[in-house]
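*Asks:* Here is a sequence with its predicted model. Questions after.
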Amino acid sequence: MIYPIPSGTRDVLPDEMRELRSITEALRDVFSAAGYGEVYTPALEYEAVLTRGELAGARPAYRVFDENGNVLVLRSDMTVPIARVVGTRYPTAEPPLRFCYFAHSYRGVRPQRGQHREFLQAGVELIGVAAPRGTAEALTVLCGALDAVGLARYRVGLGDAALYPALLESIGVAPDDCARLLEELARGDFVGLEYGLRALDIDEQSIKLLLEVPQLRGGADVLHGPPGPVADAVAGLRAVHELLADGVAERVIFDLGLSRLPGYYTGAVFEVYDPALGIPLGGGGRYDNLLGEFGRSLPAVGFALEVDHLHLALAAEERL
Amino acid sequence: MSSTNGLVIAVPRGALFEATLAWLDGLGIRTDELRTNERKLLFSDLGLITMRPSDVPTYVAAGAADLGITGKDVLLEQSDSALAGVGRDVYELVDLGFGRCTMVLATTAGADPAAEALRRLGVVRVATKYPRIAARYFEDTGRQAEIIEVKGSVELAPLTGLVEAIVDLTASGTTLRENHLVVREEIAVCTARLIANPVAHKLKAAAIDDLLERARAL
């Protein structure tokens, strides 16, 4: 008999599980050696807790009621639950705090290659170390983890989530319009971005700048720009880059257009690519305001790798 | 090295085919073999693959092609509002301007049967090849609709009483007129777009930017 499972979920059998295990074991060794303690939190949380404040993560897609009528959600990432853990379980602990996790999260995506509704993430959160030092540490652990997994050709895109909002604000774009334009950028709709900008009352030179900046990506030579928000972001990225060892620095591609959802990112953001795979392997960034929602105003940075994507990329690299 | 800078470009067959080839010619990309060989799909040494326009985003999203050309209608139909808030499948880089069409709501001429149905029955039946665009449009305009997906000639549906209205793409409006249908509302103007795989956009930045540079010089 065939008994179905929900769309976007899947069973893992021993051959695949062995390979996934060897990936997660390699990651765990790296995280552990760097001083990150493993945590696990419930897959089900109270919606009211997980979606606190304006800085909520990716909107949870699955909700249920418990016997008391509370709304429970399946977590959509691990960053917000860990922020809750820090506020609740470590209210007075001396920072920095280092946590890692291997846990499933849930999103209401359309199932396709590499997109599952239940997916395993491996990641770290570094709490209480500000930019640029915290960011550099996270990038170093990230590259160490990817090396340990055995990926040879990966690159890490590095950008600044605060750049474009600051740029729009400096040009005097109204907050409502900003939100719309940032969404176009996050979707990678540069045509929509251009039309959105042209519909506003902005001078031609500013439009040109606003269209060019998100296209700046590549080596350290993209790290220049006119004074103002662009120069500030560039200075921040340079400061991170200078702290990186050569082996990490050479993996970095600067990308001033990099914009990641969810919206809690406040500074440096990064995304991992492999030429063998058409989808990112994971990513992360600074979220300096999220912990404040849970009662501990600490700067923080973290990343999550999708274990299935690492596995796909490893298999794809073997074929090259 | 192919004339595409080593990039793989997905080229749509069908209505956008000729204009796409002309655009590629303008960039100095060799397309002669595509014109002469209608049955061949994969031109590896040219860096080009040909396919239905609606398949272009699929190939580009998966990274099987780095760049692709397709209509905004295809992108609108395939864009998933459930994905908003998570990320994106493909980057939309340039409005190429050609292949201009309009997505319209049309009904039979005379008294508007859609308005009549909405007033008396509370819901309008709509036939379309673009069920997501149609559903989203009626939702956004606060009207109730039963969307009926058809694969063939949409014009037939209102003439036979299957539906009161259609949502379809029209270039000149000739087919609508011939079937005694009139445009009631314009939903969106659709032109050809250049799309990119998000990972290729980062890792093959120099090659893609060089191509865009040449395109701007046209």
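*Replies:* Right, received. Where do you want to start?
*Asks:* show me where the chain has strands.
*Replies:* Since you didn't name a chain, this refers to chain A. For chain A, the strands defined by DSSP state E cover A:37-38, A:44-46, A:63-65, A:71-74, A:97-106, A:118-127, A:155-160, A:217-218, A:252-255, A:268-274, A:277-286, A:300-306.
*Asks:* try again with chain B
*Replies:* Using DSSP E, the strands of chain B run over B:9-12, B:42-43, B:48-51, B:67-71, B:91-95, B:101-108, B:124-128, B:145-149, B:165-170, B:181-190, B:192-196.
*Asks:* just the ones you listed: most buried one?
*Replies:* Here the criterion is mean neighbour count by mean count of other C-beta atoms under 10 Å in any protein chain shown, and of the strands of chain B the winner is strand B:67-71, at a mean of 28. C-beta coordinates here come from the backbone N, C-alpha and C atoms, glycine included.
*Asks:* Run through chain B and note the low-pLDDT ranges.
*Replies:* By pLDDT under 70, the low-scoring segments of chain B are B:1-2, B:80-88.
*Asks:* check contacts around the closest residue to chain A within it.
*Replies:* Per C-beta to the nearest C-beta, B:Gly63 is where chain B lies closest to chain A, at 1.9 Å. Taking C-beta atoms under 8 Å, 6 or more residues apart in numbering or on different chains, we find B:Gly63 in contact with A:277-279, B:197, B:199-200.
*Asks:* closest point of chain A to chain B, which residue?
*Replies:* Counting by C-beta to the nearest C-beta, chain A gets nearest chain B through A:Gly278, at 1.9 Å.
*Asks:* A:Leu305 versus the spatially closest residue to A:Leu139 that is not a sequence neighbour, what's the distance?
*Replies:* Computed as C-beta to C-beta, 6 or more residues apart in numbering or on different chains, the closest residue to A:Leu139 that is not its neighbour in sequence is A:Val248, at 5.8 Å. Using C-beta to C-beta, to the nearest Å, we find A:Val248 at a distance of 16 Å from A:Leu305.
*Asks:* Which one's more surrounded, these two?
*Replies:* Applying other C-beta atoms under 10 Å in any protein chain shown to A:Val248 and A:Leu305 shows that A:Leu305 carries more neighbours, namely 26 against 19.
*Asks:* Compute the distance between the nearest residue to A:Asp29 once chain neighbours are set aside and B:Ile147, please.
*Replies:* Spatial nearest neighbour of A:Asp29, excluding adjacent residues (C-beta to C-beta, 6+ apart): A:Ala148 at 6.6 Å. Relative to B:Ile147, A:Ala148 is positioned 50 Å away (criterion: C-beta to C-beta).
*Asks:* In chain B, which helix is the longest?
*Replies:* If you go by DSSP state H, chain B has its longest helix at helix B:205-216.
*Asks:* Alpha carbons of stretch A:78-96, in PDB - could you do that?
*Replies:* C-alpha atoms of stretch A:78-96 as PDB (Å, rounded to 0.1, in the frame of the first residue of the first chain):
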ATOM      1  CA  MET A  78      15.900  29.100  14.800                       C
ATOM      2  CA  THR A  79      17.100  32.700  15.200                       C
ATOM      3  CA  VAL A  80      14.000  34.000  16.900                       C
ATOM      4  CA  PRO A  81      13.600  31.000  19.300                       C
ATOM      5  CA  ILE A  82      17.300  31.400  20.300                       C
ATOM      6  CA  ALA A  83      16.700  35.100  20.900                       C
ATOM      7  CA  ARG A  84      13.800  34.000  23.200                       C
ATOM      8  CA  VAL A  85      16.100  31.500  25.000                       C
ATOM      9  CA  VAL A  86      18.700  34.200  25.600                       C
ATOM     10  CA  GLY A  87      16.200  36.600  27.000                       C
ATOM     11  CA  THR A  88      14.500  34.000  29.100                       C
ATOM     12  CA  ARG A  89      17.200  31.500  30.200                       C
ATOM     13  CA  TYR A  90      20.200  33.800  30.200                       C
ATOM     14  CA  PRO A  91      18.800  37.100  31.500                       C
ATOM     15  CA  THR A  92      22.000  38.000  33.400                       C
ATOM     16  CA  ALA A  93      24.700  35.800  31.800                       C
ATOM     17  CA  GLU A  94      27.800  37.700  30.800                       C
ATOM     18  CA  PRO A  95      28.100  38.000  27.000                       C
ATOM     19  CA  PRO A  96      29.400  36.800  24.600                       C
END
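*Asks:* List the contacts of A:Ala249.
*Replies:* Applying C-beta under 8 Å, 6+ apart, the residues near A:Ala249 are A:His241.
*Asks:* Tell me, what's the model's pLDDT at it?
*Replies:* A:Ala249 carries a pLDDT score of 95 in this model.
*Asks:* returning to what we had before: what residues are up against the residue of chain A closest to chain B?
*Replies:* A:Gly278 makes contact with B:61-64, B:197-200, according to C-beta under 8 Å, 6+ apart.
*Asks:* Identify the residues contacting A:Pro229.
*Replies:* So A:Pro229 contacts A:162-163, A:166-167, A:169-170 (C-beta under 8 Å, 6+ apart).
*Asks:* One more pass at 10 Å, please.
*Replies:* Applying C-beta atoms under 10 Å, 6 or more residues apart in numbering or on different chains to A:Pro229 gives the contacts A:160, A:162-171, A:209, A:213.
*Asks:* among the residues you listed, who's most crowded?
*Replies:* Neighbour-wise, these (other C-beta under 10 Å) top out at A:Asp160, 29 neighbours.
*Asks:* Kindly state the beta-bridge partners for that one.
*Replies:* A:Ala268 (DSSP bridges).
*Asks:* I'd like the distance between it and A:Asn68.
*Replies:* Counting by C-beta to C-beta, the gap from A:Asp160 to A:Asn68 is 43 Å.
*Asks:* Same list (the contacts of A:Pro229) but as CSV, adding distance to B:Leu76 and pLDDT.
*Replies:* Putting these into CSV (distance: C-beta to C-beta, whole Å; pLDDT from 0 to 100) gives the following:
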residue, distance to B:Leu76, pLDDT
A:Asp160, 31, 94
A:Ala162, 31, 91
A:Leu163, 29, 91
A:Tyr164, 24, 92
A:Pro165, 27, 91
A:Ala166, 31, 91
A:Leu167, 28, 91
A:Leu168, 25, 92
A:Glu169, 30, 91
A:Ser170, 32, 91
A:Ile171, 29, 90
A:Leu209, 29, 91
A:Val213, 27, 91
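*Asks:* so who does B:Arg119 touch?
*Replies:* Taking C-beta under 10 Å, 6+ apart as the test, what B:Arg119 contacts is B:Asp112.
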